[in-house]
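>>> I need the structure of the sequence given here:
(chains A and B)
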Amino acid sequence: MTSKLLKLTIVSLLSFTLINKYSNKIFDAENFALGNATSSHFATHNNFPIHLNKLIVSDIDRAVEGWKISGKDYTTLVLGNSQTHSINQFKKGQNTFIQSLHLKDTISYVFCHSIQNANIQHFLLSLTFLKHKLNVKKVVVPLFFDDFREDGIRDIFYPSAIEDQFLIDNSLHPVISEINSELKSYWKVSNTDDIKDTYVSSQSKTENYLDSLLSNNFKLWSLRSNTRTRILTDLYQLRNYIFNINAQTIRNKIPFRYMKNLNALESILIFCDQQNIAIYLYIPPIRSDVPIPYDISEYEEFKSDISSILEGHNNVSFSNFEHIVPSQYWGMKAPTDGGPDLEYDFMHFRYEGHQILDSAITQLLKLNNAL
Amino acid sequence: MLFNSITFLVFLSLVTTLFWCLKPKSRILLLFTSSIVFYGFWRWDFVLLMLFSTCIDYFISLKIHNEEKNKPRFILLLVSLVLNLSLLVVFKYLLFISYNINSFSQLLDLGFKVNTIHLILPLGISFYTFQTISYTIDVYRKHLIPEKNFFKYGTFVTFFPQLVAGPILRAGEVMSELSHTRKFNLDFIISGGKRILTGLFLKVVLADNIAPIVDAGFLNQVSEYTAIDVLVLAYLFGFQIYFDFAGYSHIAIGCAKIMGIHFPENFNFPYLAYSFKNFWKRWHISLSSWIRDYLYLPILGVKIKNRESLSKGGLAVVVNKDSRSPTLALFLTWAIMGLWHGANWTFAFWGIYHAFFIFIERFIPKKFNQFKFINKFTGWLIVLPITMLSWIPFRAESLHQTFSMFMKLFNLNLYFSYSLRENDLLITAILFLAVIISGLLSKVDLNSFKYGNYFLSLFNMVKYVIMLCLVFVFLRPITQFIYFQF
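Here you go, the predicted structure:
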């Protein structure tokens, strides 16, 4: 009996110590992905958001209010991933290209929605949703090869109360029914909270009460979400270490995800045709001083697939910006395998890179003519 | 109430404390009341339905026992079966039946349509219905003397650890356990606690983290998948449902154990099975043996003379001169077993799929058994992938999706690439190794080695520390157990 009690005490104490040690460091998953040298920036203008990441209802309302106050008839929507909202080696006073575009454009209201690790299905959902909120007449879409490897609808697309506003007309393209059913399946078990309302019953009420009681009185409990992320990130680093995966490891095309995103792009084109929205597509900058982490033939095929999908659609401009940002404006990022050596960052550049991209998109939108 | 929640852990602590504080006579009443509260946390209105089903068999069984003539006994049994099965049909199969009638009418252009009614499926109805039916049949077969104390009988049916997803208990196994007066022993708490912790680990750390990959995989268009993707998804869901359901069973057994009540095991490393018959002696053991004793053998026409002939599991063929075709009985039993899992043709297909391979297995000559190890290893190599692939109809939304996925396996060109993420393949490989190694390790008797007991103690301590930490971090009622829907 004594030995069993002793073992029980040892197991409990060791577990407590381990959790305590593991939970003590606040871990920011988003900044971990970007690395220490890169940070996120979402521009505002006159205290109204002009660049959103998460689609929180109050932020959307503020953005719409900002557009209405501006007095501009329509919006130019810029979509993007973390390249759009990140600056490497940020210095005070700098901002992403979104703010300068917003200030430059005297006719339309430039507004951006960017999501880290976005995919083209996200762009489609953003566009169809924001079209009606902000009267979008122009849309700028970067086409990252990396984004064509991503799949799944992120939880930002199901904020409660307005989630059904994200549903798209099924007749637009066969891929829409897939996206819609994915949205619907996520609404059933909303992923935004720690406690999901599996049963809207005594269970969820009690569970919420007990969870908040524990969170308020027990620090380790309140840090669980952070600890979970840390555990999963450590596993990710361990995988990278074992398999020697780093930023330069070749990322192959994932066929069904690639096709799904290509279909989503086609849906965007059809939607823009139907709604008379001018669409500006570009291949985004990528650093060229070291070999890119793609299979070159797949990357070339990707660019040619894009070109062929554009045929037959109106109001489309397509540019290739892959070499416009010189190597000195690209940064390094924290190692993805937990080791000591920094890695090349192929996605994010410095403020100077944003200035260059700003000029390129200005040309693309022919804003100079509008000035 | 969900096992994977703080609410349940608080509830269990309260019930356990009260259980051991109360006098033995009052414990049954406590267990019955707490089981009603446990069920009521889901929906109070459905508590009445469960009590109705419980009462039917309580009174009918007493009547059967007091009746000496065969005919009235049989009529009473029929009344019980009709009432119980009617409840099951109405709540579980009505929509499925009406949908099929309408499809059939449309196909033949008969011009009629029946109304479809969506009813909420009462939690655990398939489990408590089977339990009450077997109770009445056992009384009818004179294998059991019915319980006069309603609360004890009611606790047998509604006992919260097994109420919503089993193990399916036999009155003969549990009634004596409930009656037994026992004194508090710390061993009950420690060994029960270990089982609960293991169950929670399997559910909240493993099953819940595999679920998003499987869900996304089955949502995608099959047309883009390769054969490798189909295999990966089948294995991943195979692991998910195993961790989910075995996790539930561990928690159920553990909860009973901390109150000194013994439940039979429901799983025994099923993915180490070397034959299909062996698989069903390792997977959901309580259902397999229930189906055999109350469905397969009656369909086969085998008369059970006494209690001892009831199986502990498995679906071995028993043939006598009065029996009907074992093949027909096999396929019919498995189709019903499939449909018991869910009102969809995919489940019926799943059942028939298993019946087919059990049928094939019957033709393997007995002489092969002399090469035991090679035989078992070869058997495992064949049985595992076939079993894993059987999860495709179990998880798929429709037969169309099932067949589309199966068709991929017949195209040899689709075995050289994959569309899923590399991570999904890696996770599948790791889980595969973990399941196999843990199964093999369970057979090693470390105590027979020098310092083996020290090593075992150390290993167990490390195991429980890791499980406790991970359960603490991952415990969230984000999904219900898969078997809750049955």
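>>> so residue A:62 touches residue A:49, yeah?
Yes. In this structure, residue A:62 is within contact of residue A:49 by Cβ atoms under 8 Å, at 5.7 Å. Where you see a C-beta, it was placed from the backbone N, CA and C, and this is true even at glycine.
>>> Remind me which helix or strand the residue lying closest to residue B:395 once chain neighbours are set aside belongs to.
Spatial nearest neighbour of residue B:395, excluding adjacent residues (Cβ to Cβ, 6 or more residues apart in numbering or on different chains): residue B:237 at 4.8 Å. Counting by DSSP states H and E, the element that carries residue B:237 is helix B:227-257.
>>> Name the next helix or strand downstream of that helix, please.
That would be, after helix B:227-257 and using DSSP H and E, helix B:276-279.
>>> any idea which helix or strand comes after that following helix?
helix B:285-291.
>>> who does that following helix touch, helix- and strand-wise?
helix B:125-140, helix B:326-341 (3 or more Cβ pairs under 8 Å, 6 or more residues apart in numbering or on different chains; DSSP states H and E).
>>> Give me the helices and strands touching the last one, please.
What that stands for is helix B:326-341. Counting by 3+ Cβ pairs under 8 Å, 6+ apart, helix B:326-341 packs on helix B:285-291, helix B:297-300, helix B:345-361.
>>> buried set for the shortest one?
Going back to what we said before, that points to helix B:297-300. B:297, B:299, B:300 (16 or more other Cβ atoms under 10 Å in any protein chain shown).
>>> Grab the nearest non-local neighbour of the residue of the stretch 151-300 of chain B at minimum distance from chain A.
Taking Cβ to the nearest Cβ, chain A has its nearest neighbour within the stretch 151-300 of chain B at residue B:224, 2.9 Å off. Nearest-residue entry for residue B:224: residue A:256, 2.9 Å, with adjacent residues in sequence omitted and distances by Cβ to Cβ, 6+ apart.
>>> Count the neighbours of that neighbour for me.
19 (other Cβ atoms under 10 Å in any protein chain shown).
>>> May I ask you to confirm that it belongs to a strand?
No. Assessed with DSSP: H, G, I helix; E, B strand; the rest coil, residue A:256 is helix; it does not lie in a strand.
>>> Surely it and residue B:230 touch.
No. Counting by Cβ under 8 Å, residue A:256 stays clear of residue B:230, with 11.9 Å between them.
>>> give the contact list for residue 81.
Going with chain A. Residue A:81 is in contact with A:114, A:115, A:116, A:117, A:118, A:142, A:144, A:146, A:147, A:347, counting by Cβ atoms under 8 Å, 6 or more residues apart in numbering or on different chains.
>>> that's the other chain; I wanted chain B
Shown in contact with residue B:81 (Cβ under 8 Å, 6+ apart): B:133, B:136.
>>> SS state for it?
helix.
>>> pLDDT score for it?
Here the pLDDT value assigned to residue B:81 is 93.
>>> Surely residue B:206 and residue B:243 touch.
Yes. Here residue B:206 lies in contact with residue B:243, judged by Cβ under 8 Å, at a distance of 4.3 Å.
>>> who has more neighbours, the two?
The residue with more neighbours, out of residue B:206 and residue B:243, is residue B:243; 25 against 22, by other Cβ under 10 Å.
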